[in-house]
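> Here is a sequence together with a model predicted from it:
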Amino acid sequence: FMQLTFLGTSSMVPTKERNHSSILISYGSENILVDCGEGTQRQLKIAGIKLAKITRILISHWHGDHVLGLPGLIQSMSSSGFNKTLNIYGPKGTKKLIEKMFEVFGFDQKFEIKVNEVKSGKFFENDEFILETGQLEHNIETLGFRLEEKDKRKINLGFVKKLGIPEGPLLGRLQDGKSIIWKGKKIDVDKATNRVKGKSVAIITDTVPCKGAYKLAKDVDLLVSEATYASDLEEKSTEYGHMTAKQAAEMANRSNAKQLILTHFSARYKNTSELEDEARTYFDNVITAEDFMKINI
């Protein structure tokens, strides 16, 4: 399964309860960090997640509350024995900004970092999942992200047991989507297996409602969206390039998302019940994120 760990759920100003923005997506051997606000490495330690397990970092944009934890995280990863290639993905200008970061701070870098500037569409794929990005509308270049698990095949146990197909390589081939020959007869993969649709999650960071956000959110199992303000501050929200809880819920509704989690809250809200209640008026299956909350999908 896929697990999301919310490491930081505040917006520009952290609070005693909420750190700056960061989410970890864990899937199989992959641990993908989405944004890295100040204090993220400490949040990871509190959550019991080893820094060396991080495989990729996705940067939505270069505002401080989303990236100020990056220098410290990389330094600590280097000292903790990380020895693989770390792939960092971000919007246009990320390569230059990473270079500047290394100029400013004295780094003891013991591993390779590969920086990838990405635009709308698919930017990574392996046998298990696809990563996509889309352009959002903030006051600087900003990306949203989507992880799409590939469809899998589940063995039709009654069918293969009736034929007497043993556990082993033949069942493996069927799970890989390939028909097999058993006792001189072709066994059709579509009869021997059932297709299980993959899960999907979209993370919409700082933005006003826009086409790129709606495209990423379409039909997702889980939509994680910023909801910096309640709708009584919509004018302020638009001025600073953010969404209200109402707008996030409307997006979830129109995009046919199955579940909505709100995050990136203004420090003015001592609790988020007002935002959750507002969103629930427009979309039923919604909760507000808390630091260290874990969600399985």
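Great, that's in hand.

> Pull the number of nearby residues for residue 13.
11 (other Cβ atoms under 10 Å). Every C-beta, even on glycine, is put in place using the N, C-alpha and C of the backbone.

> what's the answer for residue 90, then?
By other Cβ under 10 Å, 25 other residues sit near residue 90.

> For it, which residues count as its bridge partners?
residue 117 (DSSP bridges).

> what's the residue of the chain positioned farthest from its centre sitting at in phi/psi?
Distance from the C-alpha centroid of the chain, by Cα atoms, centre = their mean, peaks at residue 184 (46.2 Å). Geometry field for residue 184 lists phi and psi as phi 80, psi 0, criterion degrees, to the nearest 10.

> same deal with residue 147?
Backbone torsions of residue 147, given as degrees, to the nearest 10, read phi -110, psi 120.

> quick one: the strands in the stretch 101-250 of the chain?
For the stretch 101-250 of the chain, strands defined by DSSP state E, counting those that start in this stretch occupy the ranges 113-117, 121-125, 129-135, 143-149, 152-155, 180-182, 185-187, 193-196, 200-204, 222-226.

> For residue 61, which of the ones you listed is the nearest?
strand 143-149 (6.9 Å; Cβ to Cβ).

> Tell me what angle the closest one forms with strand 121-125.
Angle of strand 143-149 versus strand 121-125, following axes from the mean of the first three to the mean of the last three Cα atoms, to 10 degrees, is 50 degrees.

> The closest residue in space to residue 149 that isn't next to it in sequence and residue 1: what is the separation?
Distances taken as Cβ to Cβ, 6 or more residues apart in numbering put residue 198 closest to residue 149, at 3.2 Å, once the chain neighbours are dropped. Distance, residue 198 to residue 1, using Cβ to Cβ, to the nearest Å: 11 Å.

> So for these two, which residue has more residues nearby?
Taking other Cβ under 10 Å, residue 198 and residue 1 do not tie; residue 198 has more neighbours (16 against 9).

> do you know how far the more buried one is from residue 148?
Taking Cβ to Cβ, one finds residue 198 at 6 Å from residue 148.

> residues shared between the contacts of the two?
Taking Cβ atoms under 8 Å, 6 or more residues apart in numbering as the criterion, residue 198 and residue 148 both touch residue 129.

> Do you have the helices of the protein handy? List them.
Here the chain has its helices, by DSSP state H, at 40-46, 64-67, 70-79, 94-104, 157-163, 169-175, 189-192, 211-217, 234-239, 245-254, 273-280.

> To residue 287, which of these lies closest?
Closest to residue 287 of the helices of the chain is helix 273-280 (Cβ to Cβ; 6.7 Å).

> Now do the same contact list for the residue farthest from the centre of the chain.
No contacts exist for residue 184 under Cβ under 8 Å, 6+ apart.

> Rebuild the helices of the chain as JSON lines, extending it with distance to residue 204 and mean pLDDT.
Formatted as JSON lines, the helices of the chain follow (distance: least, Cβ to Cβ, whole Å; pLDDT from 0 to 100):
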{"stretch": "helix 40-46", "distance to residue 204": "19", "mean pLDDT": "97"}
{"stretch": "helix 64-67", "distance to residue 204": "13", "mean pLDDT": "96"}
{"stretch": "helix 70-79", "distance to residue 204": "21", "mean pLDDT": "92"}
{"stretch": "helix 94-104", "distance to residue 204": "19", "mean pLDDT": "93"}
{"stretch": "helix 157-163", "distance to residue 204": "39", "mean pLDDT": "90"}
{"stretch": "helix 169-175", "distance to residue 204": "33", "mean pLDDT": "89"}
{"stretch": "helix 189-192", "distance to residue 204": "36", "mean pLDDT": "90"}
{"stretch": "helix 211-217", "distance to residue 204": "5", "mean pLDDT": "97"}
{"stretch": "helix 234-239", "distance to residue 204": "14", "mean pLDDT": "96"}
{"stretch": "helix 245-254", "distance to residue 204": "8", "mean pLDDT": "98"}
{"stretch": "helix 273-280", "distance to residue 204": "14", "mean pLDDT": "97"}
